[in-house]
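In: Show me how the following folds:
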Amino acid sequence: MKITQGTFSFLPDLTDEQIEAQIKYSLTNNWAISIEHCAPYEIHPRHAYWELWGLPLFDTKPEDSENVMREVRAAREAFPDNYIKVIAYDPRRGRQTTALAFFVNRPAVERPFFVDRIQGPGRTNSFRYVVDDRAAVTNGTAPSSNGATN
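Out: From the prediction side, this is the model:
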């Protein structure tokens with residue numbers, strides 16, 4: 001099952017050249033770059049807070065995109081079995097939000113899962129992450145978290 005979170009998640013994994021092109025595009029727009037990682041057993045649609053890899057890279061120029069790529073490679077080396085994503089943050093007043101986010105690393109095997117909603121007292125909802133080892137994982141036919149096939 002291929003996790004589909006981020007801007008280019010419906011496409012095949014990006015090459016290093018494509019990643020660097022997106023980083024240059026982000027830096028050309030004066031967006032701050034952040035690199036985050038998440039263990040495979042922690043990823044699900046409601047888990048928005050990942051671990052930072054170093055500090056966000058503010059005021060980085062497009063000609064310094066190789067420094068960002070060096071950090072991407074270092075994160076991959078440190079966490080080869082984690083999900084790693086690059087986030088470009090638009091700090092302009094009135095926007096101040098994520099402008100671009102995409103995966104730069106995935107674990108070799110992505111385990112299928114679903115998020116089980118539990119309704120509690122007072123109309124409160126909680127969610128439970130459940131790994132579904134019964135689902136097919138070959139040929140990209142595993143059901144996704146919303147029941148669709150990939």
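In: ok, the lowest-mean-pLDDT helix or strand in the chain: who's next to it in the sheet?
Out: Lowest by mean pLDDT, DSSP states H and E among the helices and strands of the chain is strand 125-131, with a mean of 73. Here strand 125-131 has these sheet partners by DSSP bridges: strand 113-119 (antiparallel).
In: Quick one: mean pLDDT over stretch 60-68.
Out: Throughout stretch 60-68, pLDDT has a mean value of 94.
In: Show the end-to-end separation of it, please.
Out: The first and last residues of stretch 60-68 sit 9 Å apart, counting by CA to CA, to the nearest Å.
In: got the buried residues for it?
Out: Using 16 or more other CB atoms under 10 Å as the burial criterion, the residues of stretch 60-68 that qualify are 60, 65, 68. All C-beta atoms are positioned from the backbone trio N, CA, C, and that covers glycine.
In: How about the contacts made by the first one?
Out: Neighbour list for residue 60: 27, 32-33, 67-68 [criterion: CB atoms under 8 Å, 6 or more residues apart in numbering].
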